[in-house]
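Novice: The following block contains a protein sequence and its predicted model.
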Amino acid sequence: MKKSLDIATLGGLALGLASIFGSFVLEGGQVGALILLPAMVIVFGGTIAAAAIGTSMKQILGLGKLIVLAVLPPQFAVKDTIDTIVRYSTIARKEGLLSLEKELDSSPDPFMKKILRFAIDGTDPDVLRSLAETEVQYSAERHSHNAGVFAKMGGYSPTMGIIGTVMGLIATLAAAGEDANKLIHHIASAFIATLWGVFMANLVWLPLADKLKHIQNEENLFMQMIVEGILSIQAGEIPSVIRARLNSMLPAGEQEADTR
């Protein structure tokens, strides 16, 4: 399945960075003042540690792949898939369901190929639907679990930021006898941890969770469309009815585009 760079993900992150840090500069601040290593270590390290405790090391080691998935999501060629299913139905009505066996090798999607193979082999429609829906369900659960990890990290991150701020304030109060200017500087630095905690939660972790949920919804629709299409072919429905049924599963705007 083809993948392409998701401009919305990178563009949204770039806009968020520009808005936040740009506003800070406009207020007279210096971006370098926000790059405080101890605060970042507490927020990043603490968030990853909390996520590891709540999930598994395998899940944590797979976070990189999930981030890549959000930036380079799979492209579900829904319109092409409808055309392919309708073409299969035309062949099946003319030459019989077994004639689709020659189409298996050129099937554009592994899931479609699997379901089509079951249909050609004469699997009972109810059994076939059950098998297909089980795979759709577990695929959705995997996506949901992956998105849940980022959602949890979005909850941990601000808390870690508060912990960093409290630790910074404790260190500041311990040095309360120092020069007043240094004291003010330490207080300002203490709040940087909270900034990073809230920033990472609301501009990285939670949006990543939402992006994975969006990909999950698209994949679920794609897989359900394949299931309905193959079952309709197996039932011997005419191509125009199959196209209408699959088209009705699309969002309204895409339905209009497909039926022109």
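Specialist: Thanks, I have it.
Novice: Any idea which residue is closest to the centre of this structure?
Specialist: Closest to where the C-alpha atoms of the chain average out (C-alpha atoms, centre = their mean) is L212, at 1.3 Å.
Novice: now the helix or strand where it lies: mean pLDDT?
Specialist: Element membership of L212, judged by DSSP states H and E, is helix 206-234. Confidence for helix 206-234, expressed as mean pLDDT, is 94.
Novice: do you know how far the residue nearest to M249 when sequence neighbours are not counted is from G122?
Specialist: In this structure, M249 finds its nearest non-sequential neighbour in M225, 5.5 Å apart by C-beta to C-beta, 6 or more residues apart in numbering. (Glycine included, C-beta is placed from N, CA and C.) Going from M225 to G122 by C-beta to C-beta, to the nearest Å gives 23 Å.
Novice: Pick out whichever of those two has more residues nearby.
Specialist: Taking neighbours as other C-beta atoms under 10 Å, M225 and G122 compare with M225 leading, 21 against 10.
Novice: Can you give me every residue that contacts that one?
Specialist: Contacts for M225 (C-beta atoms under 8 Å, 6 or more residues apart in numbering) come out as 78, 81-82, 85, 246, 249.
Novice: Apply 7 Å and report the result again.
Specialist: For M225, the contact set (C-beta atoms under 7 Å, 6 or more residues apart in numbering) comprises 78, 81, 246, 249.
Novice: tally of neighbours for the closest residue to T172 other than its chain neighbours?
Specialist: Spatially, and ignoring its direct neighbours in sequence, T172 is nearest to H186 (4.0 Å; C-beta to C-beta, 6+ apart). H186 has 18 neighbouring residues, counting by other C-beta under 10 Å.
Novice: H186 is in contact with L173, isn't it?
Specialist: No. Taking C-beta atoms under 7 Å as the definition, H186 is not a contact partner of L173, at 9.1 Å.
Novice: any idea which helix or strand carries the residue nearest to T172?
Specialist: In this assignment (DSSP H and E), H186 forms part of helix 180-190.
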